[in-house]
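# Sequence first, predicted model second:
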Amino acid sequence: MINWGLEDDNMKITPLLCIVSLIMIFGQIAVGNAQTTDVSSLVNNLKDNDSAIRAQAARSLAELKDEQAIGPLIQALNDSDDSVRFQASYALGNIGEPAINQLIQALKDNDINRRVNAAYALGFIKNNSVIGPLSQALNDSDHLVQLNAAMALGHTKNVQAVEALIQALKDNEYGPKREMAAKALGEIGDPRAIEPLKLALSDSNNDVRKAANVSLKQLE
């Protein structure tokens, strides 16, 4: 599983920065020009013993956006290597709507890595059908899934996600979830979030307060 550096509310946690940093790092791994544009060859490379080759194959498949790669990429969501999992989720998000159904199924998988990366990928797909599953994932048993679901909902900029994110903003259990929900509400920019974000200015977690303040400025 990817270690996002998020442990508890007593630590100074900035989940979005952690995620963005990982994206920048992983985006530099095995990104070079594909040795082949043949989908079947790239799919075979997803099973290679060398993780760098697997990561490059996933990245190349992202560029091709071929629906034949969806099943193998779904399998790669629980690869043993962090960079392969990331590149696979990026590829599935890049393929877009044809991958929705399998990503939604992966969001319910017993494997945490699959759920985390499926949530991340769904955030790239601008389709109303992703909002319900991602909203449900805000209450996943794993905190990393919750964070990725909140971030993904923000990325969709879909107003249908507002109510679920407002509820996440009231979650007393996990500060980083409230922080990410506040940021997502700012991204979406719906005025229904104004009052809940004002209340979050009094949150016990400093990062939540900061995120709420930034989002309120975005909504002004």
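That came through, no problem.
# list the contacts for the residue minimising distance to the centre of the chain?
Nearest to the mean C-alpha position of the chain, counting by C-alpha atoms, centre = their mean, stands residue 120 at 2.0 Å. When contacts are counted by C-beta atoms under 8 Å, 6 or more residues apart in numbering, residue 120 touches 89, 93, 148, 151-152. Every residue, glycine included, has its C-beta placed from N, CA and C.
# Sticking with it, tell me its helix or strand.
helix 112-122 (DSSP states H and E).
# That helix: which residues count as buried?
For helix 112-122, burial by neighbour count (16 or more other C-beta atoms under 10 Å) applies to 112-122.
# What of stretch 143-162?
For stretch 143-162, using 16+ other C-beta under 10 Å, the buried residues are 143-156, 158, 161-162.
# which ones among these are found in helices?
143-156, 162 (DSSP state H).
# Between all of these, which two are separated the most?
144 and 162 (22.7 Å; C-beta to C-beta).
# What residues does residue 46 make contact with?
54, 57-58, 61, 72-73, 75-76, 84, 88.
# Out of the residues you listed, which sit inside helices?
54, 57-58, 61, 72-73, 75, 84, 88.
# Going by neighbour count, which of those are buried?
Buried residues within the ones in helices among the contacts of residue 46, counting neighbours by 16+ other C-beta under 10 Å: 54, 57-58, 61, 72-73, 84, 88.
# Can you tell me the number of residues neighbouring the closest residue in space to residue 171 that isn't next to it in sequence?
Spatial nearest neighbour of residue 171, excluding adjacent residues (C-beta to C-beta, 6 or more residues apart in numbering): residue 177 at 5.3 Å. Other residues near residue 177 come to 23 when the count uses other C-beta atoms under 10 Å.
# show me what contacts residue 177?
Counting by C-beta under 8 Å, 6+ apart, residue 177 touches 138, 143, 146-147, 150, 168, 171.
# now swap in residue 99 and tell me
Per C-beta under 8 Å, 6+ apart, neighbours of residue 99: 67, 70, 73-74, 92-93, 121, 125.
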